[in-house]
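Asker: After the sequence you'll find the predicted model.
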Amino acid sequence: MNLCTDQIALMLAAPGQLISVSRLAVDPLSSSMAAEAAAYPPNRGQAEQIFLMKPDLVLASTYSSISSVALLRDLGVTVVQVEPVNALSQVEAQILTIGQALGRETQAEALAAEFREGLKGLTWQGELATAAMYYPNGYTSGAGSLADDVLRTAGFHNIGAELGLTGGGTLPLERLVMAQPDVIVTSTPYPGGSRSEELLNHPALAELRQEAGLATTTDADWVCGTPHILRALRSMRDAREALE
């Protein structure tokens, strides 16, 4: 019932073991495995809906609906809650935790080793440039977030963290312009229109993008602490090399 645990379960589960994924798992803007997830019935994280599927195990996040988790447990369903990943160093532990819950320890150890091997050589060794993550409503990721760790590993100071933000928060456009980042990282717009996204079309931001060495976009690979985060790290490492 959680996007991030869903994707690791999709990588580890035996044939027939997985019976449902969260509705976000089939959204290509949120999920790196939307095509694979489309083979399973989606759920909305509601206890009644999930209970009627008669699962032996429910994978959830510690941020999943408290009432749904409590009701499922009261009904005798085993629920394993997994902490969100806030650093690249935590990805392996999450893979192993979910593998143990599924009884797929051998497959989990192999996937963790594959991730560990993929991480080698992606850490930037030289001087750090500056990057700013900027999303609808001026939202950004600060210190202690997975995105911040990706930026630092790839060779960037995170403007959000440099300005004192922890986790996530709002970065005023004026402060972003004054920071003059080398790279601006933003998101792919959702279909339709939204007032929260109007800020991304501001003339000051457009001019800042032209002055920056590079502008790039995040995608579903950035959302969760799965092996797919390596693709996000690689794209930012490529952006850092491009500045040279």
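Answerer: Yep, that arrived.
Asker: Report all helices and strands that the helix or strand bottoming out on mean pLDDT in the chain contacts.
Answerer: One helix or strand of the chain scores below all others by mean pLDDT, DSSP states H and E: strand 214-218, with a mean of 75. In terms of contacts (3 or more Cβ pairs under 8 Å, 6 or more residues apart in numbering; DSSP states H and E), strand 214-218 is packed against strand 183-187, helix 229-243. (Each C-beta comes from the backbone N, C-alpha and C, glycine too.)
Asker: Just the residues contacting the longest one, thanks.
Answerer: Outside helix 229-243, the residues within contact range by Cβ atoms under 8 Å, 6 or more residues apart in numbering are 32, 88, 91, 115, 118-119, 122, 124, 129, 131, 146, 150-151, 153-156, 182-183, 185, 213-214, 216, 218-219, 221-222.
Asker: Just the CA trace of that helix, in PDB.
Answerer: C-alpha atoms of helix 229-243 as PDB (Å, rounded to 0.1, in the frame of the first residue of the first chain):
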ATOM      1  CA  ILE A 229      17.800   6.000  -7.500                       C
ATOM      2  CA  LEU A 230      21.100   5.100  -9.200                       C
ATOM      3  CA  ARG A 231      19.700   6.500 -12.500                       C
ATOM      4  CA  ALA A 232      18.900   9.800 -10.800                       C
ATOM      5  CA  LEU A 233      22.400   9.900  -9.300                       C
ATOM      6  CA  ARG A 234      23.900   9.100 -12.700                       C
ATOM      7  CA  SER A 235      22.000  11.900 -14.400                       C
ATOM      8  CA  MET A 236      23.200  14.400 -11.800                       C
ATOM      9  CA  ARG A 237      26.800  13.100 -12.100                       C
ATOM     10  CA  ASP A 238      26.500  13.600 -15.900                       C
ATOM     11  CA  ALA A 239      25.200  17.200 -15.200                       C
ATOM     12  CA  ARG A 240      28.200  17.900 -13.000                       C
ATOM     13  CA  GLU A 241      30.600  16.600 -15.600                       C
ATOM     14  CA  ALA A 242      28.900  18.800 -18.200                       C
ATOM     15  CA  LEU A 243      29.800  21.900 -16.200                       C
END
